[in-house]
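Colleague: what's the 3D shape of this:
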Amino acid sequence: MNTGKGRILVVDDEMINRVLLSTNLQESGYIVETAEDGQQALEMLRAQPFDVVLLDLIMPRVDGYQVLAQMKDDDALRRIPVIVISSSDEMESIVRCIEMGATDYLTKPFNPVLLHARLNASLASLHEERMAILRQQLAQVTAAQEEERQRIVRELHDGVGPALASLNIRLRTARKLLERDHHPVAEEVEELAELAQASIQDIRRLIHDLRPAALDEVGLRPALREYVSRYREEQSLEVALALPVLSPVEGPEGDERLPAPLETALFRIVQEALANVAKHAQAHRVDVALMWDEAHVILRLTDDGRGFDPQAPRPGTHLGLWSMRERVEQLGGRFEVESTLGTGTAVKAIIPLGTQE
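Modeller: Reported below is the predicted structural model:
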């Protein structure tokens, strides 16, 4: 389905102007709707999404100035770029429109080359603004997720964990008393105690996955060493972890520290990448490298698994990659994936440090 380069609303009371603009824009790949006056334009803007408005000024019922004023007062419309196209070239009119929120001002007859340049600039600006809002929303969601993880960790650590430990002790005590009397249920009580002990181990593993203590206490490097060590044992995979020291800045325990949100994001990316390897790659070896200096953090993970075609549609199998990409872009970084069938996969994140203070 072709969604076009953008949805444009052309507002002009002259049919010939609407036809000229629409034809020119549609030939360039834009989706174009038209309105005969300001009233119809406002109704359409409130009924369906548009990326840019091309607005005439002198129209019946509701003129262009009134459209600008109402869009400026409407939270849902004020961010839509408006390019005024008018026969008036008076400086007073141009200044008034810009002050009322217009993005740009062109005079009739319009120059197609200039119009497309202004449209491209407006759409690019709108895209950046929307991406900034999305990154902010993602940051808020991520922060909320981490807070919820910490809350669950506290409840498990302070509530469920101690309760299971107490139950395990009491079961083993009961077993000893029953064995003394040669009671037949002693063996079953022992099995219950073993189940309780296994549940305790599961709780500890869950607590670690939700929020490893090392991440808060001594930083990202020790947390990764601990996590990778456990991952090797659980997955029976060869994992090489490289953490070269590039930055002269040191934190607690002589180890370097990054801003806490960045450390959390990098740890989650490694978790997600290694989870992907375990689920999909059929790999024998994984290499994880993390390094940073005063300017950038670089994280790279490669495996020798079966690989895949990044361009091929695989519904439901790219959620991990999507999540990693969103985390990286949320931090202003760049995320790259390289893979071909039969040669393994490499993922790389490059994140600027200057934006993380």
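Colleague: Now do the helices in this structure.
Modeller: Using DSSP state H, the helices of the chain run over 15-27, 38-47, 64-72, 91-99, 112-155, 161-180, 186-210, 213-217, 220-235, 260-276, 319-330.
Colleague: Quick check: which of those is nearest to residue 294?
Modeller: helix 260-276 (13.9 Å; Cβ to Cβ). Quick note: C-beta positions are derived from backbone N, CA and C, even for glycine.
Colleague: same question for the closest one, mean pLDDT?
Modeller: For helix 260-276, mean pLDDT rounds to 88.
Colleague: how big is the angle separating it from helix 186-210?
Modeller: 120 degrees (axes from the mean of the first three to the mean of the last three Cα atoms, to 10 degrees).
Colleague: buried stuff in helix 260-276?
Modeller: Buried positions in helix 260-276, judged by neighbour count with 16 or more other Cβ atoms under 10 Å: 262-274, 276.
Colleague: Need the CA coordinates for it. PDB is fine.
Modeller: What follows is helix 260-276, C-alpha atoms only, in PDB (Å, rounded to 0.1, in the frame of the first residue of the first chain):
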ATOM      1  CA  ALA A 260      22.700   5.200  35.400                       C
ATOM      2  CA  PRO A 261      20.000   5.300  32.600                       C
ATOM      3  CA  LEU A 262      22.700   4.400  30.000                       C
ATOM      4  CA  GLU A 263      24.100   1.600  32.100                       C
ATOM      5  CA  THR A 264      20.600   0.100  32.400                       C
ATOM      6  CA  ALA A 265      19.900   0.500  28.700                       C
ATOM      7  CA  LEU A 266      23.200  -1.200  27.700                       C
ATOM      8  CA  PHE A 267      22.600  -4.100  30.100                       C
ATOM      9  CA  ARG A 268      19.100  -4.600  28.800                       C
ATOM     10  CA  ILE A 269      20.400  -4.600  25.200                       C
ATOM     11  CA  VAL A 270      23.000  -7.300  26.000                       C
ATOM     12  CA  GLN A 271      20.200  -9.300  27.800                       C
ATOM     13  CA  GLU A 272      17.900  -9.000  24.700                       C
ATOM     14  CA  ALA A 273      20.700  -9.800  22.200                       C
ATOM     15  CA  LEU A 274      21.800 -12.900  24.100                       C
ATOM     16  CA  ALA A 275      18.200 -14.000  24.500                       C
ATOM     17  CA  ASN A 276      17.800 -13.700  20.700                       C
END
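Colleague: Show me what that helix is packed against.
Modeller: helix 112-155, helix 213-217, helix 220-235, strand 285-292, strand 296-303, helix 319-330, strand 345-352 (3 or more Cβ pairs under 8 Å, 6 or more residues apart in numbering; DSSP states H and E).
Colleague: Save these as TSV, and put in mean pLDDT, distance to residue 196 and mean neighbour count too.
Modeller: Listed next are the helices and strands packed on helix 260-276 as TSV, based on pLDDT from 0 to 100; distance: least, Cβ to Cβ, whole Å; neighbours: other Cβ atoms under 10 Å:
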stretch	mean pLDDT	distance to residue 196	mean neighbour count
helix 112-155	77	18	14
helix 213-217	75	23	15
helix 220-235	90	21	17
strand 285-292	93	34	19
strand 296-303	93	37	21
helix 319-330	82	33	18
strand 345-352	93	40	20
